[in-house]
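**Student:** coords please:
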Amino acid sequence: MSVSVVLFTGDLRLHDHPPLRAALAGADEVVPLFVMDSGIRAAGFGTPNRLAFLADCLADLDGRLRERGGRLVVRGGAVAREVRRVVEETGAGCVHLSAGSSRYARRREEDLRRVLAGTGCALEVHDAVTTVLAPGAVTPTGRGRDHFAVFTPYLRRWTAAGARAPLAAPRSVPVPAGVRGEEVPSRARVEGVSPGLAAGGESEARRRLSRWSARRLDSYAELGDDLAADATSRLSPHLHFGCLSPAEVVHRARRRGGAGADAFVRQLAWRDFHHQVLAARPDAAVRDYRPHGDRWHDDEREVAAWREGRTGFPLVDAAMRQLRHEGWMPGRGRLLAGSFLAKTLYADWRVGAAHFLDLLVDGDIAANQLNWQWVAGTGNDTRPGRVLNPLSQARRFDPRGDYVRRWVPELAGVEGAAVHTPWTLPAPERARTGYPPPIVDPADTASRFRRARGLS
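**Tutor:** Now for the predicted structure:
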C-alpha cells in the first residue's frame, strides 16, 4: 500500500484542499498530520486566543476526517523532525504541504527538504491554498520589479487573473493503521482566553459564511464600516487558520454579485496584496517598508492607556476594549486604533502590532504588520501623511454613539453623539462617569505627526 502525508498548517479544512486531493490521488492511504509546532511557541506566536481557536479547528478537522473513515494525526515538537518520523514509520513516498508567504514558512519548507533528502520521500508544495493567488503570481511590468507596491494596479491584475476553481471535499480519507498520534488539543485547557472569543473550525466557518452571505453580503458596501451595525463577515479568523478557502469565498461572492460582493472581494484582494508584499520583502514584518528617518515618541504611560482603552477618546477606547474581550475587532476599528497610536501619539507602529498579535485570533503576520505600516505612513499607503481623526471617524462610522455605548459602559448613560466628546459634558456629569480625560488635545490630533515629519 502506497502512503502519502499531508502536513496541515494554515489550511485546516477539507473543502478545496489541493494538497489533500493530490495526496489521495497519488497514494492508497494518506496520513493527515498536524504538528503542534514548538518553533511557533518559542517565537511567541502561540498566544491563548489563537491556541484556543486552533484547538477548535483541530477538533473539527478530526471529526470531519472520522466521518470519512480517517482521523487527524497530531504530533508535538519540531515540524521537520516529526514529519520525518511519520515518513519513516509509514514508508510514505510524498509529503504534501501548502506554501506560505512568511519567512518562517519558508524556513519550515527548507527544513523539510533538508530532513527528507535521501529518504526517497518527495516534498510537494502547493500554491494558492491559503491565498486566492500565490504571491508572485502577478507582478508589475518592467525589469527588477518583483511585487506590486501599490494596491490599485495589483487589484486590476488580481481581478483579471481570476481564482482557481474550488475542489470538493473528499468522500473518503483512508489512513494507515497504527500511526501514533497525540490527543487533539482542547480549548478548555487553554488559559487566558478572551471571554468573547468566537468558535473555530471548518463547520462553524461554513455556517457563518452561508448565514452572513444570505443576510449581509448585499449591504456590505454600505454597512461594512458601520461600527454599530456590526455588519462585517467576521471571517478573518477562519481565513487565517484556513478553515475557509479564500478562492472558494471569492467564487461564492462573485456568484451572488452586486456592489456588496464587489466590496467584499476587494478586501480579499487586500489580503493577497499584503501576502505578496511580505513574500517579496520579508523584513517588512519588523522594519519600515518605506523608512521615514525620524524618531518615534516614546511614552509608556500613553501606550498603556491605549492598550487599556483609556485614552479619553471613546471610539478608540471602544475598539481597544472589543479587542481585549473578543480577540477581534472590525477593520475600521483597527485602522482607527492604529492611526491613533502611530499618528496621534506618534508611537512606534511595532509596539501596536505586537499588542494586536498578542490578542488577535486572526493575528496574521502579513495583514497585521503591513496594515500597521499602512496606518503609520511607513508602508504601502499612497497618502502616508493621512491621519484618521477620531472625532470625524466617529461622526462617519458611529454617528449615534451606539458602538461606544456597547463597549465603554462608563458612557452608556450619555445620549446621542455627545458620547464621543465626554470632555464637553458638565463637570458633575463628567465626574460621575469616571471616564478619563483625553490624553492629547482633541482639537489637534495630528500635531505630533506634523512636527515629526516637518509639516508644521
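**Student:** only C-alpha atoms from now on, for both contacts and neighbour counts.
**Tutor:** Fine.
**Student:** which residues sit against stretch 116-129?
**Tutor:** 11, 17-19, 84, 87, 92-99, 112-113, 133-134, 245-247 (Cα atoms under 8 Å, 6 or more residues apart in numbering).
**Student:** that should have said stretch 355-371, apologies.
**Tutor:** Contacts for stretch 355-371 (Cα under 8 Å, 6+ apart): 45, 47-50, 53, 102, 194, 197, 236-238, 240-241, 271, 274-275, 277-278, 284-286, 307, 323-324, 327-328, 335, 350, 353, 379-380.
**Student:** mind listing what's buried along it?
**Tutor:** 356-371 (16 or more other Cα atoms under 10 Å).
**Student:** what does stretch 390-397 give?
**Tutor:** Buried-residue list, stretch 390-397, by 16+ other Cα under 10 Å: 390-391, 393-394, 397.
**Student:** export that stretch as PDB, just CAs?
**Tutor:** Taking C-alpha atoms only, stretch 390-397 is exported to PDB below (Å, rounded to 0.1, in the frame of the first residue of the first chain):
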ATOM      1  CA  PRO A 390     -11.100  60.100  16.000                       C
ATOM      2  CA  LEU A 391     -13.900  62.600  16.000                       C
ATOM      3  CA  SER A 392     -14.500  62.700  12.300                       C
ATOM      4  CA  GLN A 393     -14.300  58.900  12.200                       C
ATOM      5  CA  ALA A 394     -16.900  58.800  15.000                       C
ATOM      6  CA  ARG A 395     -19.300  61.100  13.000                       C
ATOM      7  CA  ARG A 396     -19.000  58.900   9.900                       C
ATOM      8  CA  PHE A 397     -18.900  55.400  11.400                       C
END
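**Student:** let me see the backbone angles for Leu33.
**Tutor:** phi -120, psi 130 (degrees, to the nearest 10).
**Student:** other residues contacting stretch 65-73?
**Tutor:** By Cα under 8 Å, 6+ apart, stretch 65-73 touches 31-34, 58, 61-63, 170-175, 179-182.
**Student:** filter those residues to the buried ones?
**Tutor:** Buried among the contacts of stretch 65-73 by 16+ other Cα under 10 Å: 31-34, 58, 61-63, 173-175, 181.
**Student:** and the next element down the chain from the lengthiest helix in the chain?
**Tutor:** In the chain, with assignment by DSSP state H, the single longest helix is helix 259-280. Downstream of helix 259-280, the next assigned helix or strand under DSSP states H and E is helix 300-308.
**Student:** buried set for that next one?
**Tutor:** Buried residues in helix 300-308 (16+ other Cα under 10 Å): 302-303, 306-307.
**Student:** tell me which other helices or strands it touches.
**Tutor:** For helix 300-308, the elements it packs on are helix 314-326, judged by 3 or more Cα pairs under 8 Å, 6 or more residues apart in numbering; DSSP states H and E.
**Student:** now do the helix or strand that the helix it packs on is followed by, average pLDDT.
**Tutor:** Using DSSP H and E, the helix or strand that follows helix 314-326 in sequence is helix 331-339. For helix 331-339, mean pLDDT is 98.
**Student:** tell me the angle whatever helix or strand comes next after helix 331-339 makes with helix 314-326.
**Tutor:** Next helix or strand after helix 331-339 toward the C-terminus (DSSP H and E): helix 349-359. Angle, helix 349-359 to helix 314-326, by axes from the mean of the first three to the mean of the last three Cα atoms, to 10 degrees: 40 degrees.
**Student:** next helix or strand past helix 349-359?
**Tutor:** helix 365-376.
**Student:** quick one: neighbours of the closest residue to Tyr346 other than its chain neighbours, just the number.
**Tutor:** Closest residue in space to Tyr346, ignoring its immediate chain neighbours: His297 at 5.4 Å, by Cα to Cα, 6 or more residues apart in numbering. Around His297 there are 15 other residues, counting by other Cα atoms under 10 Å.
**Student:** His297 reaches Val351, doesn't it?
**Tutor:** No: counting by Cα atoms under 8 Å, His297 stays clear of Val351, with 11.5 Å between them.
**Student:** which residues of the stretch 351-456 of the chain fall in helices?
**Tutor:** Applying DSSP state H, counting those that start in this stretch to the stretch 351-456 of the chain gives helices spanning 365-376, 390-397, 402-407, 427-433, 447-452.
**Student:** got JSON lines for those, with mean pLDDT and distance to Leu7 too?
**Tutor:** Converted to JSON lines, the helices of the stretch 351-456 of the chain look like this (pLDDT from 0 to 100; distance: least, Cα to Cα, whole Å):
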{"stretch": "helix 365-376", "mean pLDDT": "96", "distance to Leu7": "20"}
{"stretch": "helix 390-397", "mean pLDDT": "97", "distance to Leu7": "42"}
{"stretch": "helix 402-407", "mean pLDDT": "98", "distance to Leu7": "40"}
{"stretch": "helix 427-433", "mean pLDDT": "94", "distance to Leu7": "53"}
{"stretch": "helix 447-452", "mean pLDDT": "88", "distance to Leu7": "46"}
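**Student:** helices and strands of this structure: which one bottoms out on pLDDT?
**Tutor:** helix 38-42 (a mean of 72; mean pLDDT, DSSP states H and E).
**Student:** compute the first-to-last residue distance for stretch 167-186.
**Tutor:** 29 Å (Cα to Cα, to the nearest Å).
**Student:** can you give me the mean pLDDT across that stretch?
**Tutor:** 96.
**Student:** who touches that stretch?
**Tutor:** 3, 14-18, 21, 24, 28-32, 52, 55-56, 58-59, 62, 65, 68-71, 73-76, 86, 89-90.
**Student:** same question, stretch 195-212
**Tutor:** Here stretch 195-212 has contacts from 12-13, 49, 53-61, 233, 235, 237-238, 243-244, 325-328, 361, using Cα under 8 Å, 6+ apart.
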